[in-house]
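> quick one: sequence and predicted model below, then my questions.
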Amino acid sequence: MFLEFAPQYFDYLCKSFFHNYPCALCKILGAFKIKIMTAKENGTKITKKHIYITENLNYGIKPEDEGHIVRYDLKGSTLNRFVKA
């Protein structure tokens, strides 16, 4: 999965960095494929997940600027999907 979009991702980040273009794209620090095996009465259930570790975009934001920031979570999380006001 990562290998499919990696060339375009790295090309975009390189252009952004070397030409000093503004970029809001998270930097990927790690990519992992996890296999979860669960024992069932009728066999073993295997679930595969792709996990990406990204930089923290909230790092360095001053508390006084928090009110001006709108956040969206588009990473595909299945838990805690809604932000409390």
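Okay, I see it.
> poorly predicted segments of the protein, please.
Residue ranges of the chain with pLDDT under 70: 70-85.
> tell me where it has helices.
Residue ranges of the helices in the chain, as given by DSSP state H, are 2-18.
> buried sites along stretch 42-59?
Of the residues in stretch 42-59, none count as buried by neighbour count, 16 or more other C-beta atoms under 10 Å. All C-beta atoms are positioned from the backbone trio N, CA, C, and that covers glycine.
> residues in contact with that stretch?
The contact list for stretch 42-59 (C-beta atoms under 8 Å, 6 or more residues apart in numbering) reads 1-2, 24, 26-38, 75.
> return the alpha-carbon coordinates of it using PDB.
Provided in PDB are the C-alpha atoms of stretch 42-59 (Å, rounded to 0.1, in the frame of the first residue of the first chain):
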ATOM      1  CA  ASN A  42     -13.800 -22.700  13.600                       C
ATOM      2  CA  GLY A  43     -10.200 -21.600  12.900                       C
ATOM      3  CA  THR A  44      -8.000 -18.600  13.200                       C
ATOM      4  CA  LYS A  45      -9.200 -15.100  12.100                       C
ATOM      5  CA  ILE A  46      -6.400 -12.900  10.600                       C
ATOM      6  CA  THR A  47      -6.800  -9.200  10.500                       C
ATOM      7  CA  LYS A  48      -4.200  -7.000   8.700                       C
ATOM      8  CA  LYS A  49      -3.700  -3.300   9.500                       C
ATOM      9  CA  HIS A  50      -1.400  -0.700   7.900                       C
ATOM     10  CA  ILE A  51      -0.100   1.800  10.500                       C
ATOM     11  CA  TYR A  52       1.700   5.000   9.700                       C
ATOM     12  CA  ILE A  53       3.600   7.000  12.300                       C
ATOM     13  CA  THR A  54       3.400  10.700  11.500                       C
ATOM     14  CA  GLU A  55       4.800  13.900  13.000                       C
ATOM     15  CA  ASN A  56       2.800  15.800  15.600                       C
ATOM     16  CA  LEU A  57       1.400  18.800  13.800                       C
ATOM     17  CA  ASN A  58       0.300  20.300  17.200                       C
ATOM     18  CA  TYR A  59       3.900  20.600  18.400                       C
END
